[in-house]
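**Student:** coords below, sequence missing:
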């Protein structure tokens, strides 16, 4: 008898219950991306007041309270271990936290065999000030991005994030405001509906960077449902676990009112993998034996050999090996380095790879 529930029991649903128990009912290698916003274990002991003596509504919920670091670490290890099991081999995990918990979580991730790819610093453009004036203003949170294991080939939409960032390589410092104004959900009394609601712009970056349309996004601490909102917008499926009934109801209502983007409008976000065509297949079709390939500024060149290798007076080998040697690097993508001259213009050999792929695809 299968101990796991069918995927249909979870897909695009918010499941009320403890995340560890719910995770144990998911099959191995099920989800493509996990975004986790776990309790931060803030250890708050005193009430906090503004200079005008009004009370600050801090995170003092029972779900954020643990009796000791040992208890918190045990909890963290349990849910992370289950997340590792249900994550697909090419999937990845994002965990967000503050200085209170992120270092403990990071150590546990490494102990379990996760491979940390980046830490992202979310720099809050409108942070809450330090009212007591006793410390620096806490103006950032940290996200850890990790693969399932060291050898996992994690999906990363590099070009998508570069386009998202005005054609500049996306950095690991993200300047984004906290939830405020119309985005901040409020209860009937006008208070925050959820004390740690994350902004949709933050989740957009996470989901766009490491998933594609149709992927399954899991959030084991679903809260007010931001992960579900953004997943639905971007035509991803989601699974949400949440132990507080009031948050489940808030998230359901919120997601119900969200419309997915037209797929034609979101296609630009999709990373299109380059066709796997050996350079040698272009030789004799689009590239002549014996002609020269050039770097973009034409200060480097190599001659094309009949077997698809390149050679100049000093180096010989594949398009990748020769370009790497010329740049004194361990490796380099020859498809983006080499150009061929046509009618006094330099044309990237990558254009011919795409042209050849379209030709053979029609056959």
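**Tutor:** Yep, that arrived. This is a predicted model, so every value here is computed, not measured.
**Student:** residue ranges with poor pLDDT in the protein?
**Tutor:** Judged against pLDDT under 70, the low-scoring parts of the chain cover residues 1-2, 43-61, 63-64, 131-132, 264-275, 361-363.
**Student:** need the helices for it, in chain order.
**Tutor:** 19-23, 69-86, 102-112, 158-164, 200-210, 226-233, 245-256, 263-266, 319-326, 334-337, 349-361 (DSSP state H).
**Student:** helices and strands around the third one, which ones?
**Tutor:** Translated: helix 102-112. Packed against helix 102-112, as judged by 3 or more Cβ pairs under 8 Å, 6 or more residues apart in numbering; DSSP states H and E, are the following elements: helix 69-86, strand 87-97, strand 115-124, strand 140-147. C-beta coordinates here come from the backbone N, C-alpha and C atoms, glycine included.
**Student:** Please tabulate those in TSV, including the columns distance to residue 306 and mean neighbour count.
**Tutor:** Putting the helices and strands packed on helix 102-112 into TSV (distance: least, Cβ to Cβ, whole Å; neighbours: other Cβ atoms under 10 Å) gives the following:
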stretch	distance to residue 306	mean neighbour count
helix 69-86	49	18
strand 87-97	37	22
strand 115-124	41	16
strand 140-147	40	21
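**Student:** so which of these comes closest to residue 158?
**Tutor:** With Cβ to Cβ as the criterion, residue 158 lies closest to strand 115-124 of the helices and strands packed on helix 102-112, at 12.1 Å.
**Student:** Quick one: closest of the helices of the chain to residue 94.
**Tutor:** With Cβ to Cβ as the measure, helix 200-210 is the member of the helices of the chain nearest residue 94 (5.3 Å).
**Student:** quick one: buried residues of the closest one?
**Tutor:** Counting neighbours by 16 or more other Cβ atoms under 10 Å, one finds that the buried residues in helix 200-210 are 200, 202-210.
**Student:** same thing with stretch 99-111?
**Tutor:** Within stretch 99-111, judged by 16+ other Cβ under 10 Å, the buried ones are 100-102, 104-106, 108-109.
**Student:** Stretch 177-184 too?
**Tutor:** Residues 178-179 are the ones in stretch 177-184 that count as buried (16+ other Cβ under 10 Å).
**Student:** ok so, going back, possible to save the helices of the chain as TSV with distance to residue 29?
**Tutor:** Formatted as TSV, the helices of the chain follow (distance: least, Cβ to Cβ, whole Å):
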stretch	distance to residue 29
helix 19-23	13
helix 69-86	7
helix 102-112	16
helix 158-164	24
helix 200-210	16
helix 226-233	19
helix 245-256	26
helix 263-266	26
helix 319-326	31
helix 334-337	31
helix 349-361	30
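**Student:** wait, which of these is closest to residue 185?
**Tutor:** Each of these was scored for nearness to residue 185 using Cβ to Cβ, and the closest is helix 245-256 (6.4 Å).
**Student:** orientation of that closest one relative to helix 226-233 in degrees?
**Tutor:** The directions of helix 245-256 and helix 226-233 differ by 20 degrees, with axes from the mean of the first three to the mean of the last three Cα atoms, to 10 degrees as the criterion.
**Student:** now residue 239: how far from residue 19?
**Tutor:** Noted for residue 239: a distance of 11 Å to residue 19, by Cβ to Cβ, to the nearest Å.
**Student:** Comparing these two, which residue is more hemmed in?
**Tutor:** Higher neighbour count among residue 239 and residue 19: residue 239, with 28 against 24, using other Cβ atoms under 10 Å.
**Student:** Across the sheet, point out what pairs with that one.
**Tutor:** Under DSSP bridges, the beta-bridge partners of residue 239 are residue 13, residue 218.
**Student:** check contacts around it.
**Tutor:** 10-13, 15, 26, 31, 216-219 (Cβ atoms under 8 Å, 6 or more residues apart in numbering).
**Student:** most neighbours, which of those residues?
**Tutor:** For these, the largest neighbour count, defined by other Cβ under 10 Å, is 29 neighbours, found at residue 218.
**Student:** tell me the contacts of residue 287?
**Tutor:** Under the criterion of Cβ under 8 Å, 6+ apart, the contact partners of residue 287 comprise 279, 293, 304, 340, 349, 352.
**Student:** Okay, the third one and residue 284: tell me how far apart.
**Tutor:** Using Cβ to Cβ, we find residue 304 at a distance of 10 Å from residue 284.
**Student:** Just confirm residue 312 contacts residue 295, I think it does.
**Tutor:** No. Taking contact to mean Cβ atoms under 8 Å, the distance of 11.4 Å between residue 312 and residue 295 leaves them out of contact.
**Student:** For residue 149, find the nearest of the helices of the chain.
**Tutor:** The closest of the helices of the chain to residue 149 is helix 69-86. By Cβ to Cβ, the value is 8.4 Å.
**Student:** So what's the residue count around residue 215?
**Tutor:** Applying the criterion other Cβ under 10 Å, we find 20 residues in the vicinity of residue 215.
**Student:** neighbours around the nearest residue to it once chain neighbours are set aside, how many?
**Tutor:** Computed as Cβ to Cβ, 6 or more residues apart in numbering, the closest residue to residue 215 that is not its neighbour in sequence is residue 32, at 3.8 Å. Using other Cβ under 10 Å, residue 32 has 21 other residues around it.
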